[in-house]
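**Student:** here are the coordinates; sequence isn't available:
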């Protein structure tokens, strides 16, 4: 018999509390295969990512991690020779058959390994997406810019120089500006591809703190070569190797020996990669 008692209520002998309902699935991938000309980058990938989850993807270089992100966001159309097979469902809709790709990308923000600062002011970097959505009122844009810069832990450092070129910021600040710009799309899913490659350790930790807070508002996919970063942040983690999704599990289990595949254990223990 499943108890319907509120959390924390006493449970009668022989009763037990119901397990929490799993969060809805935000992204579902089935039989995903990706190739470039005659080279197979990924094959047979099956996974579900839930709402408000930080989902880590780890693995060595050329494991197919970035290709996975490209397929989710339909960036393959910009990559000559890239072929995608299988099913990718976002909010229950097959992204491969959506006609309005730009609407899809407005719901999925992407942060790349190196900061990509647009040749415009700090303010305009963040205000660009809202303007493209039709928001023209200066007061409304001011609110959005401030909110996104605060969420990216950058507001206090740039609030007095919003009219300065974003390219004049430090590398760590530019990466946080990239995150603020992604957040200005008001995405439901945020994908980060090795965001800390060009960022110092202190700034990396600041961004990690931001991501922990953002998971209350959206779903995050974190691609990283830093296994300890995945351990700090991810609820669940997938291990990619040689174009294969070797294993998916609760992140801490992967680091405490609760894994099924020896390759996963060898990678997280630093034996290769």
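**Tutor:** Now that the structure is in, tell me what you want to look at. Note that the coordinates shown come from a computational prediction; the quantities given were computed from them, not determined experimentally. Numbering: from 1, shown residues only.

**Student:** Poorly predicted segments of the stretch 101-250 of the chain, please.
**Tutor:** Along the stretch 101-250 of the chain, segments meeting pLDDT under 70 span 117.

**Student:** buried stuff in the helix or strand containing residue 249?
**Tutor:** Remark: residue 249 resides in strand 244-250, with elements defined by DSSP states H and E. Neighbour counts over strand 244-250 (16 or more other C-beta atoms under 10 Å) mark 244-249 as buried. Placement of C-beta: from N, CA and C, glycine included.

**Student:** Please apply the same query to stretch 120-135.
**Tutor:** Neighbour-count burial for stretch 120-135 flags 121-127, 129-130 (criterion: 16+ other C-beta under 10 Å).

**Student:** Can you give the distance of that stretch from its chain's centre?
**Tutor:** Distance of stretch 120-135 from the chain centroid (C-alpha atoms, centre = their mean, to the nearest Å) equals 22 Å.

**Student:** related to what we said a few turns ago, mean confidence (pLDDT) on the helix or strand just after the strand holding residue 249, please.
**Tutor:** Toward the C-terminus, strand 244-250 is succeeded by helix 251-255 as the next helix or strand (DSSP H and E). Averaged over helix 251-255, pLDDT sits at 91.

**Student:** next helix or strand past helix 251-255?
**Tutor:** Per DSSP H and E, helix 251-255 leads on to helix 262-268 as the next helix or strand towards the C-terminus.

**Student:** what separates that next one from the chain centre, distance-wise?
**Tutor:** That offset, for helix 262-268, works out to 23 Å (C-alpha atoms, centre = their mean).

**Student:** Residues contacting it, please?
**Tutor:** Contacts of helix 262-268 with the rest of the structure, by C-beta atoms under 8 Å, 6 or more residues apart in numbering, involve 58-60, 227, 239, 241, 246-247, 254-255, 257, 259, 272-273.

**Student:** that older thread, I'd like the buried residues of strand 244-250 written out as TSV, with distance to residue 162 added.
**Tutor:** Written out in TSV, the entries for those read as follows (distance: C-beta to C-beta, whole Å):
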residue	distance to residue 162
244	46
245	42
246	45
247	45
248	42
249	44
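
**Student:** nearest to residue 149, of those residues?
**Tutor:** Within the set of those, residue 248 lies nearest residue 149; the separation is 34.3 Å, counting by C-beta to C-beta.

**Student:** is the closest residue to that closest one other than its chain neighbours in a bridge, and if so with what?
**Tutor:** For residue 248, the nearest residue in space outside its immediate sequence neighbours is residue 238; the separation is 4.5 Å by C-beta to C-beta, 6 or more residues apart in numbering. According to DSSP bridges, residue 57, residue 248 are recorded as the beta-bridge partners of residue 238.

**Student:** who are the neighbours of the helix or strand hosting residue 29, in terms of helices and strands?
**Tutor:** For residue 29, the enclosing helix or strand under DSSP H and E is strand 25-36. On a contact count with 3 or more C-beta pairs under 8 Å, 6 or more residues apart in numbering; DSSP states H and E, strand 25-36 meets strand 39-50, helix 65-72, strand 82-90, strand 219-224.
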